[in-house]
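A.B. asks: okay, sequence plus prediction incoming.
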Amino acid sequence: MSKEEQITAEKAIDRYADMVYRLALSQMKNTNDADDLFQEVFVRLVSHIQDLESWEHVKAWLIRVTINCAKKHYGLYWNKNVDFIEELERVADQSGGYELPEEHPVRAAVQKLPPKYRLMIHLYYFEERTAAEIAQLTDQKESTVKSQLHRAREMLKGLIKEQY
Amino acid sequence: MEKYNTDRPITDQSVKEKYQKEIGQVHAPADLIRRTKEAVQAEEQRVLSEGAMHKTAAQAAANKTAGETAKEPRGRKYRQALPLTAAAALCIALLSISVIGIGGRTDKSASGGSANMTVNKDIAMDMAAGASEAEAGADVGTVDMAAGQTQEAEIDAGAADAVGALPESASAAKESLEVTNGGMAAEDAMADMAESYIDSAYGDCFKIETMDDMPSFAGESEWESVTVHGVGFQVTCREDGAWCAYTTESSGKIYVISTDLTKEELSREDFLEKAYELLTDKHEDQ
(Lines give C-alpha, C1' and ligand atoms only; values in the text may rest on other atoms or scores of the structure.)
Protein backbone atom coordinates (compact mmCIF):
# COMPACT_ATOMS: atom_id res chain seq x y z
CA MET A 1 0.00 0.00 0.00
CA SER A 2 1.47 3.31 -1.04
CA LYS A 3 1.77 6.17 1.39
CA GLU A 4 -0.92 8.11 -0.48
CA GLU A 5 -3.37 5.28 0.06
CA GLN A 6 -2.73 4.91 3.77
CA ILE A 7 -5.86 3.70 5.47
CA THR A 8 -7.05 5.78 8.39
CA ALA A 9 -10.31 5.76 10.28
CA GLU A 10 -11.03 9.33 9.24
CA LYS A 11 -10.57 8.51 5.56
CA ALA A 12 -12.80 5.48 6.06
CA ILE A 13 -15.52 7.78 7.36
CA ASP A 14 -15.20 9.96 4.28
CA ARG A 15 -15.43 6.97 1.98
CA TYR A 16 -18.01 4.81 3.70
CA ALA A 17 -20.14 7.09 5.88
CA ASP A 18 -23.16 6.77 3.60
CA MET A 19 -22.80 3.00 3.28
CA VAL A 20 -22.61 2.44 7.03
CA TYR A 21 -25.37 4.94 7.73
CA ARG A 22 -27.72 3.34 5.22
CA LEU A 23 -27.05 -0.11 6.66
CA ALA A 24 -27.47 1.13 10.23
CA LEU A 25 -30.72 2.87 9.32
CA SER A 26 -32.05 -0.28 7.69
CA GLN A 27 -31.36 -2.24 10.88
CA MET A 28 -32.35 0.07 13.71
CA LYS A 29 -35.72 1.17 15.01
CA ASN A 30 -35.04 4.88 15.04
CA THR A 31 -32.51 7.44 13.83
CA ASN A 32 -30.99 7.90 17.29
CA ASP A 33 -30.08 4.22 17.49
CA ALA A 34 -28.82 4.32 13.91
CA ASP A 35 -26.60 7.30 14.78
CA ASP A 36 -25.23 5.47 17.83
CA LEU A 37 -24.54 2.38 15.78
CA PHE A 38 -22.80 4.47 13.11
CA GLN A 39 -20.51 6.04 15.66
CA GLU A 40 -19.79 2.79 17.46
CA VAL A 41 -18.70 1.08 14.25
CA PHE A 42 -16.16 3.75 13.30
CA VAL A 43 -14.79 4.06 16.83
CA ARG A 44 -14.23 0.30 16.84
CA LEU A 45 -12.42 0.65 13.54
CA VAL A 46 -9.66 2.63 15.24
CA SER A 47 -8.48 -0.45 17.15
CA HIS A 48 -8.45 -2.65 14.06
CA ILE A 49 -7.37 -0.30 11.30
CA GLN A 50 -3.85 -1.64 11.16
CA ASP A 51 -5.14 -5.14 10.39
CA LEU A 52 -6.95 -4.03 7.26
CA GLU A 53 -4.92 -4.20 4.11
CA SER A 54 -7.14 -2.66 1.47
CA TRP A 55 -10.20 -0.47 1.14
CA GLU A 56 -12.24 -3.49 0.08
CA HIS A 57 -11.16 -5.16 3.28
CA VAL A 58 -12.23 -2.09 5.23
CA LYS A 59 -15.60 -2.05 3.50
CA ALA A 60 -16.27 -5.72 4.27
CA TRP A 61 -15.16 -5.21 7.88
CA LEU A 62 -17.48 -2.24 8.31
CA ILE A 63 -20.46 -4.16 6.95
CA ARG A 64 -19.75 -7.13 9.15
CA VAL A 65 -19.27 -5.13 12.34
CA THR A 66 -22.37 -3.04 11.65
CA ILE A 67 -24.37 -6.25 11.32
CA ASN A 68 -22.90 -7.74 14.50
CA CYS A 69 -23.47 -4.58 16.52
CA ALA A 70 -27.06 -4.38 15.26
CA LYS A 71 -27.61 -8.04 16.20
CA LYS A 72 -26.28 -7.35 19.67
CA HIS A 73 -28.74 -4.50 19.96
CA TYR A 74 -31.69 -6.67 18.97
CA GLY A 75 -30.76 -9.74 20.97
CA LEU A 76 -33.83 -11.96 21.15
CA TYR A 77 -35.67 -10.07 18.45
CA TRP A 78 -33.17 -11.03 15.77
CA ASN A 79 -34.76 -14.39 15.05
CA LYS A 80 -38.33 -13.40 15.73
CA ASN A 81 -40.84 -12.20 13.19
CA VAL A 82 -44.18 -11.08 14.52
CA ASP A 83 -42.90 -9.82 17.86
CA PHE A 84 -40.43 -7.52 16.19
CA ILE A 85 -42.97 -5.82 13.96
CA GLU A 86 -45.20 -5.06 16.92
CA GLU A 87 -42.25 -3.76 18.92
CA LEU A 88 -41.17 -1.59 16.02
CA GLU A 89 -44.58 0.03 15.84
CA ARG A 90 -44.70 0.52 19.59
CA VAL A 91 -41.28 2.13 19.72
CA ALA A 92 -42.04 4.28 16.70
CA ASP A 93 -45.16 5.58 18.39
CA GLN A 94 -43.27 6.35 21.57
CA SER A 95 -40.08 7.80 20.28
CA GLY A 96 -41.39 9.65 17.23
CA GLY A 97 -39.38 6.96 15.49
CA TYR A 98 -38.33 7.11 12.09
CA GLU A 99 -40.58 8.59 9.47
CA LEU A 100 -39.87 7.75 5.92
CA PRO A 101 -40.39 10.26 3.13
CA GLU A 102 -43.64 9.71 1.31
CA GLU A 103 -41.84 9.02 -1.92
CA HIS A 104 -40.05 5.94 -0.53
CA PRO A 105 -42.65 3.19 -0.72
CA VAL A 106 -40.18 0.33 -1.13
CA ARG A 107 -38.16 1.45 1.90
CA ALA A 108 -41.39 1.66 3.86
CA ALA A 109 -42.19 -1.91 2.92
CA VAL A 110 -38.66 -3.09 3.73
CA GLN A 111 -38.87 -1.49 7.18
CA LYS A 112 -41.82 -3.73 7.96
CA LEU A 113 -39.76 -6.86 7.49
CA PRO A 114 -38.02 -8.57 10.44
CA PRO A 115 -34.43 -7.34 10.90
CA LYS A 116 -32.74 -10.41 9.44
CA TYR A 117 -34.88 -10.16 6.28
CA ARG A 118 -34.26 -6.42 5.99
CA LEU A 119 -30.58 -7.12 6.15
CA MET A 120 -30.83 -9.68 3.36
CA ILE A 121 -32.77 -7.26 1.17
CA HIS A 122 -30.35 -4.42 1.79
CA LEU A 123 -27.23 -6.46 1.14
CA TYR A 124 -28.72 -8.12 -1.91
CA TYR A 125 -30.56 -5.24 -3.55
CA PHE A 126 -28.47 -2.27 -2.58
CA GLU A 127 -24.97 -3.56 -1.86
CA GLU A 128 -25.48 -6.10 -4.67
CA ARG A 129 -23.82 -8.92 -2.76
CA THR A 130 -24.24 -12.52 -3.86
CA ALA A 131 -25.71 -15.15 -1.56
CA ALA A 132 -22.23 -16.55 -0.97
CA GLU A 133 -20.90 -13.14 0.05
CA ILE A 134 -23.87 -12.51 2.32
CA ALA A 135 -23.31 -15.91 3.92
CA GLN A 136 -19.72 -14.96 4.66
CA LEU A 137 -20.70 -11.57 6.06
CA THR A 138 -23.40 -13.00 8.32
CA ASP A 139 -21.69 -16.24 9.36
CA GLN A 140 -24.42 -18.41 7.95
CA LYS A 141 -24.58 -21.23 5.46
CA GLU A 142 -25.22 -20.20 1.90
CA SER A 143 -28.33 -22.40 1.77
CA THR A 144 -29.73 -20.57 4.79
CA VAL A 145 -29.08 -17.21 3.16
CA LYS A 146 -30.76 -18.33 -0.03
CA SER A 147 -33.88 -19.48 1.77
CA GLN A 148 -34.01 -16.29 3.87
CA LEU A 149 -33.47 -14.16 0.79
CA HIS A 150 -36.17 -15.99 -1.11
CA ARG A 151 -38.58 -15.58 1.75
CA ALA A 152 -37.62 -11.90 2.25
CA ARG A 153 -38.23 -11.09 -1.39
CA GLU A 154 -41.60 -12.84 -1.36
CA MET A 155 -42.65 -11.01 1.78
CA LEU A 156 -41.50 -7.69 0.35
CA LYS A 157 -43.49 -8.12 -2.83
CA GLY A 158 -46.51 -9.08 -0.77
CA LEU A 159 -46.14 -5.95 1.37
CA ILE A 160 -45.80 -3.72 -1.67
CA LYS A 161 -48.91 -5.22 -3.23
CA GLU A 162 -50.85 -4.87 0.01
CA GLN A 163 -50.06 -1.19 0.29
CA TYR A 164 -51.23 -0.41 -3.19
CA MET B 1 -47.56 8.19 -0.10
CA GLU B 2 -46.34 7.82 -3.63
CA LYS B 3 -47.88 4.81 -5.25
CA TYR B 4 -45.72 2.04 -6.47
CA ASN B 5 -46.70 1.62 -10.08
CA THR B 6 -48.61 -1.64 -9.88
CA ASP B 7 -49.71 -1.38 -13.52
CA ARG B 8 -46.33 -2.89 -14.27
CA PRO B 9 -45.70 -6.35 -12.87
CA ILE B 10 -43.77 -6.17 -9.61
CA THR B 11 -40.59 -7.88 -10.71
CA ASP B 12 -37.51 -8.44 -8.68
CA GLN B 13 -35.58 -6.09 -10.92
CA SER B 14 -38.13 -3.29 -10.59
CA VAL B 15 -38.15 -3.58 -6.80
CA LYS B 16 -34.38 -3.59 -6.76
CA GLU B 17 -34.13 -0.48 -8.93
CA LYS B 18 -36.70 1.38 -6.85
CA TYR B 19 -35.00 0.41 -3.61
CA GLN B 20 -31.61 1.50 -4.91
CA LYS B 21 -33.05 4.83 -6.01
CA GLU B 22 -34.71 5.44 -2.64
CA ILE B 23 -31.72 4.40 -0.58
CA GLY B 24 -29.41 6.39 -2.81
CA GLN B 25 -31.12 9.53 -1.57
CA VAL B 26 -30.13 8.75 2.01
CA HIS B 27 -26.89 10.32 3.22
CA ALA B 28 -25.18 10.39 6.58
CA PRO B 29 -25.91 13.73 8.24
CA ALA B 30 -22.99 16.15 8.26
CA ASP B 31 -23.35 16.70 11.98
CA LEU B 32 -23.17 12.97 12.67
CA ILE B 33 -20.03 12.70 10.55
CA ARG B 34 -18.43 15.58 12.42
CA ARG B 35 -19.25 14.08 15.83
CA THR B 36 -18.03 10.67 14.74
CA LYS B 37 -14.72 12.09 13.51
CA GLU B 38 -14.27 13.76 16.88
CA ALA B 39 -15.01 10.49 18.65
CA VAL B 40 -12.57 8.67 16.36
CA GLN B 41 -9.83 11.23 17.05
CA ALA B 42 -10.43 10.86 20.78
CA GLU B 43 -10.19 7.09 20.45
CA GLU B 44 -6.98 7.39 18.43
CA GLN B 45 -5.49 9.60 21.15
CA ARG B 46 -6.51 7.09 23.79
CA VAL B 47 -4.95 4.20 21.89
CA LEU B 48 -1.76 6.18 21.28
CA SER B 49 -1.44 7.23 24.89
CA GLU B 50 -2.01 3.65 26.07
CA GLY B 51 0.59 2.51 23.63
CA ALA B 52 3.01 5.14 24.91
CA MET B 53 2.35 4.13 28.51
CA HIS B 54 2.95 0.53 27.65
CA LYS B 55 6.14 1.45 25.89
CA THR B 56 7.36 3.28 28.99
CA ALA B 57 6.48 0.36 31.24
CA ALA B 58 8.12 -2.09 28.86
CA GLN B 59 11.27 -0.06 28.75
CA ALA B 60 11.35 0.09 32.52
CA ALA B 61 10.96 -3.68 32.68
CA ALA B 62 13.58 -4.13 30.00
CA ASN B 63 16.04 -2.08 32.00
CA LYS B 64 15.83 -4.66 34.75
CA THR B 65 16.71 -7.60 32.58
CA ALA B 66 19.62 -7.87 30.20
CA GLY B 67 18.99 -7.75 26.44
CA GLU B 68 15.22 -7.46 26.54
CA THR B 69 13.69 -4.80 24.32
CA ALA B 70 10.00 -5.44 24.09
CA LYS B 71 8.72 -2.24 22.57
CA GLU B 72 5.66 -3.36 20.80
CA PRO B 73 2.37 -1.62 21.28
CA ARG B 74 -0.12 -3.46 23.45
CA GLY B 75 -2.25 -4.44 20.55
CA ARG B 76 0.57 -6.27 18.77
CA LYS B 77 1.71 -7.91 21.96
CA TYR B 78 -1.75 -9.29 22.54
CA ARG B 79 -1.84 -10.62 19.02
CA GLN B 80 1.45 -12.40 19.48
CA ALA B 81 0.95 -13.65 22.99
CA LEU B 82 -2.71 -14.56 23.21
CA PRO B 83 -3.95 -16.19 20.01
CA LEU B 84 -4.09 -19.74 21.32
CA THR B 85 -5.24 -18.74 24.78
CA ALA B 86 -7.85 -16.41 23.33
CA ALA B 87 -9.06 -19.10 20.97
CA ALA B 88 -9.43 -21.56 23.82
CA ALA B 89 -11.14 -18.94 25.97
CA LEU B 90 -13.56 -18.09 23.18
CA CYS B 91 -14.44 -21.76 22.70
CA ILE B 92 -15.08 -22.19 26.41
CA ALA B 93 -17.17 -19.00 26.50
CA LEU B 94 -19.29 -20.18 23.56
CA LEU B 95 -19.77 -23.58 25.14
CA SER B 96 -20.76 -21.94 28.43
CA ILE B 97 -23.22 -19.74 26.61
CA SER B 98 -24.68 -22.74 24.85
CA VAL B 99 -25.19 -24.58 28.13
CA ILE B 100 -27.17 -21.65 29.45
CA GLY B 101 -28.99 -20.84 26.27
CA ILE B 102 -30.01 -24.19 24.91
CA GLY B 103 -32.19 -25.10 27.85
CA GLY B 104 -34.66 -22.41 26.80
CA ARG B 105 -34.84 -23.77 23.31
CA THR B 106 -35.49 -27.28 24.55
CA ASP B 107 -38.65 -26.23 26.30
CA LYS B 108 -40.72 -27.13 23.29
CA SER B 109 -39.46 -30.65 22.81
CA ALA B 110 -37.92 -33.29 24.97
CA SER B 111 -34.29 -34.13 24.44
CA GLY B 112 -32.74 -37.41 25.40
CA GLY B 113 -31.20 -37.14 28.82
CA SER B 114 -31.73 -33.40 29.17
CA ALA B 115 -35.45 -32.97 29.67
CA ASN B 116 -35.21 -31.30 33.05
CA MET B 117 -32.81 -28.51 32.10
CA THR B 118 -34.23 -25.07 32.83
CA VAL B 119 -32.56 -21.88 31.76
CA ASN B 120 -32.41 -18.20 32.48
CA LYS B 121 -32.94 -16.67 29.06
CA ASP B 122 -31.95 -13.21 30.18
CA ILE B 123 -28.57 -14.46 31.36
CA ALA B 124 -28.21 -16.41 28.13
CA MET B 125 -28.86 -13.39 25.92
CA ASP B 126 -26.59 -11.16 28.01
CA MET B 127 -23.84 -13.68 27.55
CA ALA B 128 -24.56 -13.92 23.85
CA ALA B 129 -24.43 -10.14 23.58
CA GLY B 130 -21.11 -10.16 25.37
CA ALA B 131 -19.75 -12.81 23.05
CA SER B 132 -21.01 -11.04 19.96
CA GLU B 133 -19.53 -7.76 21.20
CA ALA B 134 -16.20 -9.49 21.38
CA GLU B 135 -16.72 -10.87 17.92
CA ALA B 136 -17.84 -7.52 16.54
CA GLY B 137 -14.35 -6.21 17.09
CA ALA B 138 -12.59 -9.34 15.94
CA ASP B 139 -12.58 -11.70 13.00
CA VAL B 140 -11.33 -9.09 10.62
CA GLY B 141 -9.27 -11.62 8.79
CA THR B 142 -12.16 -13.87 7.84
CA VAL B 143 -13.61 -11.32 5.45
CA ASP B 144 -11.54 -10.38 2.47
CA MET B 145 -13.56 -11.20 -0.57
CA ALA B 146 -11.77 -8.82 -2.92
CA ALA B 147 -8.34 -10.25 -2.26
CA GLY B 148 -9.59 -13.82 -1.96
CA GLN B 149 -7.73 -14.36 1.32
CA THR B 150 -8.91 -16.16 4.42
CA GLN B 151 -7.46 -16.00 7.92
CA GLU B 152 -8.07 -17.71 11.20
CA ALA B 153 -10.89 -16.35 13.34
CA GLU B 154 -9.22 -15.48 16.66
CA ILE B 155 -7.10 -12.33 16.86
CA ASP B 156 -6.64 -9.03 18.48
CA ALA B 157 -8.57 -6.96 20.95
CA GLY B 158 -11.80 -8.83 20.25
CA ALA B 159 -10.14 -11.98 21.53
CA ALA B 160 -8.88 -10.06 24.55
CA ASP B 161 -12.45 -8.95 25.25
CA ALA B 162 -13.57 -12.58 25.07
CA VAL B 163 -10.94 -13.51 27.61
CA GLY B 164 -12.25 -10.79 29.90
CA ALA B 165 -15.81 -12.03 29.49
CA LEU B 166 -14.95 -15.65 30.19
CA PRO B 167 -14.98 -15.88 34.01
CA GLU B 168 -18.45 -14.34 34.20
CA SER B 169 -19.88 -16.69 31.58
CA ALA B 170 -18.34 -19.78 33.10
CA SER B 171 -19.54 -19.09 36.63
CA ALA B 172 -23.07 -18.23 35.48
CA ALA B 173 -23.17 -21.42 33.44
CA LYS B 174 -22.00 -23.42 36.43
CA GLU B 175 -24.71 -21.89 38.61
CA SER B 176 -27.41 -22.76 36.09
CA LEU B 177 -26.25 -26.33 35.91
CA GLU B 178 -26.06 -26.74 39.67
CA VAL B 179 -29.53 -25.34 40.22
CA THR B 180 -31.32 -27.17 37.47
CA ASN B 181 -29.44 -30.41 36.90
CA GLY B 182 -32.00 -33.07 36.03
CA GLY B 183 -29.62 -35.96 35.62
CA MET B 184 -28.89 -35.33 31.97
CA ALA B 185 -26.13 -37.06 30.07
CA ALA B 186 -23.99 -33.90 30.27
CA GLU B 187 -21.46 -34.22 27.48
CA ASP B 188 -23.71 -35.50 24.70
CA ALA B 189 -26.59 -33.22 25.56
CA MET B 190 -24.34 -30.17 25.82
CA ALA B 191 -22.72 -30.90 22.50
CA ASP B 192 -26.10 -31.24 20.81
CA MET B 193 -27.42 -28.12 22.46
CA ALA B 194 -24.25 -26.18 21.69
CA GLU B 195 -24.60 -26.99 18.04
CA SER B 196 -28.20 -25.88 17.83
CA TYR B 197 -27.75 -22.77 19.99
CA ILE B 198 -24.69 -21.56 18.13
CA ASP B 199 -26.54 -22.02 14.89
CA SER B 200 -29.44 -20.01 16.20
CA ALA B 201 -27.20 -17.30 17.58
CA TYR B 202 -25.86 -16.84 14.10
CA GLY B 203 -29.30 -16.68 12.53
CA ASP B 204 -29.98 -20.25 11.48
CA CYS B 205 -33.52 -21.06 12.62
CA PHE B 206 -33.24 -24.83 12.49
CA LYS B 207 -32.40 -27.32 15.18
CA ILE B 208 -31.75 -31.07 15.05
CA GLU B 209 -31.83 -33.32 18.11
CA THR B 210 -31.14 -36.98 18.63
CA MET B 211 -33.38 -39.12 20.82
CA ASP B 212 -33.52 -42.76 21.83
CA ASP B 213 -37.27 -42.77 22.47
CA MET B 214 -40.22 -41.32 20.67
CA PRO B 215 -40.66 -37.66 21.67
CA SER B 216 -43.52 -36.95 24.05
CA PHE B 217 -45.20 -34.54 21.63
CA ALA B 218 -45.44 -37.24 18.92
CA GLY B 219 -48.89 -38.28 20.04
CA GLU B 220 -50.18 -34.73 20.29
CA SER B 221 -50.10 -33.71 16.64
CA GLU B 222 -51.31 -35.02 13.33
CA TRP B 223 -48.30 -36.17 11.38
CA GLU B 224 -47.95 -36.60 7.66
CA SER B 225 -45.54 -39.04 6.05
CA VAL B 226 -43.29 -37.54 3.38
CA THR B 227 -40.27 -39.11 1.69
CA VAL B 228 -37.38 -36.82 0.77
CA HIS B 229 -34.42 -38.22 -1.16
CA GLY B 230 -35.35 -41.71 0.02
CA VAL B 231 -35.66 -40.72 3.70
CA GLY B 232 -39.06 -41.04 5.33
CA PHE B 233 -40.07 -38.08 7.52
CA GLN B 234 -43.08 -37.50 9.75
CA VAL B 235 -43.88 -33.81 9.51
CA THR B 236 -46.37 -31.56 11.23
CA CYS B 237 -47.18 -27.96 11.99
CA ARG B 238 -47.13 -27.26 15.72
CA GLU B 239 -49.68 -25.16 17.56
CA ASP B 240 -47.60 -22.03 17.06
CA GLY B 241 -47.52 -22.71 13.32
CA ALA B 242 -43.86 -23.70 13.22
CA TRP B 243 -42.67 -26.81 11.37
CA CYS B 244 -41.45 -29.95 13.09
CA ALA B 245 -40.38 -33.31 11.67
CA TYR B 246 -38.79 -36.51 12.83
CA THR B 247 -37.33 -39.59 11.22
CA THR B 248 -36.50 -42.98 12.70
CA GLU B 249 -33.47 -44.99 11.69
CA SER B 250 -33.29 -48.77 11.52
CA SER B 251 -31.09 -48.62 14.64
CA GLY B 252 -34.01 -47.09 16.51
CA LYS B 253 -32.41 -43.67 16.85
CA ILE B 254 -34.84 -40.81 16.28
CA TYR B 255 -33.87 -37.44 14.81
CA VAL B 256 -36.15 -34.49 15.47
CA ILE B 257 -35.79 -31.39 13.32
CA SER B 258 -37.60 -28.22 14.35
CA THR B 259 -37.63 -24.58 13.38
CA ASP B 260 -39.10 -21.26 14.46
CA LEU B 261 -40.23 -20.58 10.90
CA THR B 262 -43.95 -20.99 10.31
CA LYS B 263 -45.78 -22.42 7.34
CA GLU B 264 -46.39 -18.85 6.16
CA GLU B 265 -42.64 -18.20 6.03
CA LEU B 266 -41.38 -21.51 4.76
CA SER B 267 -43.02 -24.13 2.59
CA ARG B 268 -43.19 -27.72 3.80
CA GLU B 269 -40.98 -28.81 0.90
CA ASP B 270 -38.26 -26.24 1.73
CA PHE B 271 -38.44 -27.22 5.41
CA LEU B 272 -38.01 -30.90 4.59
CA GLU B 273 -35.13 -30.18 2.23
CA LYS B 274 -33.45 -28.36 5.09
CA ALA B 275 -34.28 -31.24 7.44
CA TYR B 276 -32.66 -33.68 5.04
CA GLU B 277 -29.59 -31.43 4.79
CA LEU B 278 -29.26 -31.26 8.58
CA LEU B 279 -29.66 -35.01 8.86
CA THR B 280 -26.95 -35.59 6.28
CA ASP B 281 -24.60 -33.16 8.08
CA LYS B 282 -25.33 -34.92 11.37
CA HIS B 283 -24.38 -38.28 9.92
CA GLU B 284 -21.20 -36.86 8.45
CA ASP B 285 -20.21 -35.43 11.82
CA GLN B 286 -20.69 -38.77 13.59
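C.D. replies: Cool, got the structure. Residues are numbered from 1 along each chain as shown, chains lettered A, B, ... in the order given.
A.B. asks: which residues of the chain fall in helices?
C.D. replies: No chain in the question, so chain A it is. Taking DSSP state H as the criterion, chain A contains helices spanning A:9-27, A:31-48, A:55-74, A:82-95, A:105-111, A:115-121, A:131-138, A:142-163.
A.B. asks: try chain B instead
C.D. replies: Using DSSP H, helices in chain B cover B:12-24, B:30-64, B:74-81, B:83-105, B:121-136, B:156-180, B:186-201, B:268-285.
A.B. asks: weakest of these in terms of mean pLDDT?
C.D. replies: Mean pLDDT across those is lowest at helix B:156-180; the value there is a mean of 41.
A.B. asks: need the helices of chain A in a markdown table (columns: mean pLDDT and mean neighbour count).
C.D. replies: Where you see a C-beta, it was placed from the backbone N, CA and C, and this is true even at glycine. Output for those, formatted as a markdown table (pLDDT from 0 to 100; neighbours: other Cβ atoms under 10 Å in any protein chain shown):
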| stretch | mean pLDDT | mean neighbour count |
| --- | --- | --- |
| helix A:9-27 | 95 | 20 |
| helix A:31-48 | 94 | 21 |
| helix A:55-74 | 90 | 22 |
| helix A:82-95 | 47 | 14 |
| helix A:105-111 | 88 | 23 |
| helix A:115-121 | 89 | 24 |
| helix A:131-138 | 91 | 20 |
| helix A:142-163 | 88 | 18 |
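A.B. asks: buried stuff in stretch B:44-61?
C.D. replies: The neighbour-count check on stretch B:44-61 (16 or more other Cβ atoms under 10 Å in any protein chain shown) flags B:44, B:47, B:54, B:58 as buried.
A.B. asks: I figured the first one hits residue A:46, correct?
C.D. replies: Yes. In this structure residue B:44 lies within contact range of residue A:46 using Cβ atoms under 8 Å: 5.4 Å.
A.B. asks: spit out the residues that contact those two alike.
C.D. replies: Listed as contacting both residue B:44 and residue A:46 by Cβ atoms under 8 Å, 6 or more residues apart in numbering or on different chains are residue A:9.
A.B. asks: per the record, what domains does the chain have?
C.D. replies: Assuming you mean chain A. Structurally, chain A divides into domains by automatic domain parsing as follows: A:7-79, A:100-164.
A.B. asks: oops, wrong one, chain B.
C.D. replies: Domains of chain B are assigned by automatic domain parsing as B:74-186+B:193-203, B:205-286.
A.B. asks: is chain A contacted by the last one?
C.D. replies: It stands for domain B:205-286. Yes. Using Cβ under 8 Å from any Cβ of the partner chain, we find that domain B:205-286 touches chain A at B:205, B:260-262, B:265-266, B:270, B:274, B:277.
A.B. asks: centre-most residue in chain A?
C.D. replies: Nearest residue to the geometric centre of chain A (Cα atoms, centre = their mean): residue A:23, 3.4 Å.
A.B. asks: so what's the spatially closest residue to that residue that is not a sequence neighbour up against?
C.D. replies: With Cβ to Cβ, 6 or more residues apart in numbering or on different chains as the criterion, residue A:23 has its nearest non-adjacent residue at 5.0 Å, and that residue is residue A:66. Residue A:66 makes contacts with A:20, A:23-24, A:27, A:37, A:41, as judged by Cβ under 8 Å, 6+ apart.
A.B. asks: of the residues you listed, closest to chain B?
C.D. replies: residue A:20 (7.4 Å; Cβ to the nearest Cβ).
A.B. asks: I'd say that closest one and residue A:62 touch.
C.D. replies: Yes. Assessed by Cβ under 8 Å, residue A:20 is found in contact with residue A:62 at 5.5 Å.
A.B. asks: follow-up on the earlier one: could the domains of chain A go into TSV alongside distance to residue B:23?
C.D. replies: Output for the domains of chain A, formatted as TSV (distance: least, Cβ to Cβ, whole Å):
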stretch	distance to residue B:23
domain A:7-79	6
domain A:100-164	5
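A.B. asks: need the contact list for residue 15.
C.D. replies: Here I'm looking at chain A. Contacts of residue A:15 by Cβ under 8 Å, 6+ apart are A:55, A:58.
A.B. asks: think we crossed wires, I meant chain B
C.D. replies: A:106, A:125, A:153, A:156-157, A:160.
A.B. asks: so which of these also contact chain B?
C.D. replies: Among those, the residues lying close to chain B (Cβ under 8 Å from any Cβ) are A:106, A:125, A:153, A:156-157, A:160.
A.B. asks: surely residue A:115 touches residue A:72?
C.D. replies: No. Residue A:115 is beyond contact range of residue A:72, at 11.8 Å (criterion: Cβ under 8 Å).
A.B. asks: which strand is the longest one in chain B?
C.D. replies: For chain B, the strand with the greatest residue count under DSSP state E is strand B:254-262.
A.B. asks: now that strand and helix A:142-163, what's the angle there?
C.D. replies: Calculated by axes from the mean of the first three to the mean of the last three Cα atoms, to 10 degrees, strand B:254-262 forms an angle of 30 degrees with helix A:142-163.
A.B. asks: list the buried ones in strand B:254-262?
C.D. replies: B:254-261.
A.B. asks: ok, the residues you listed vs residue A:147, which is closest?
C.D. replies: Residue A:147 lies nearest to residue B:261 out of these, by Cβ to Cβ, at 8.7 Å.
A.B. asks: if we ignore the residues flanking it in sequence, what's nearest that closest one?
C.D. replies: Take residue B:261 and drop its neighbours on the chain: the residue closest to it by Cβ to Cβ, 6+ apart is residue B:205, 5.3 Å away.
A.B. asks: what about the one you found, how many residues nearby?
C.D. replies: Neighbours of residue B:205 under the rule other Cβ atoms under 10 Å in any protein chain shown: 21.
A.B. asks: need the pLDDT of it.
C.D. replies: On the pLDDT scale, residue B:205 is placed at 73.
A.B. asks: that one touches residue B:258, doesn't it?
C.D. replies: No. The criterion here is Cβ under 8 Å, and residue B:205 misses it with residue B:258 at 9.3 Å.
A.B. asks: now stretch A:51-58, how far from the centre of its chain.
C.D. replies: Centroid displacement of stretch A:51-58 relative to its chain, using Cα atoms, centre = their mean, to the nearest Å, is 19 Å.
A.B. asks: end-to-end on it?
C.D. replies: In stretch A:51-58, first residue to last residue: 9 Å (Cα to Cα, to the nearest Å).
A.B. asks: tell me if that stretch is near chain B.
C.D. replies: Yes. Using Cβ under 8 Å from any Cβ, stretch A:51-58 reaches chain B at A:51-54, A:56-57.
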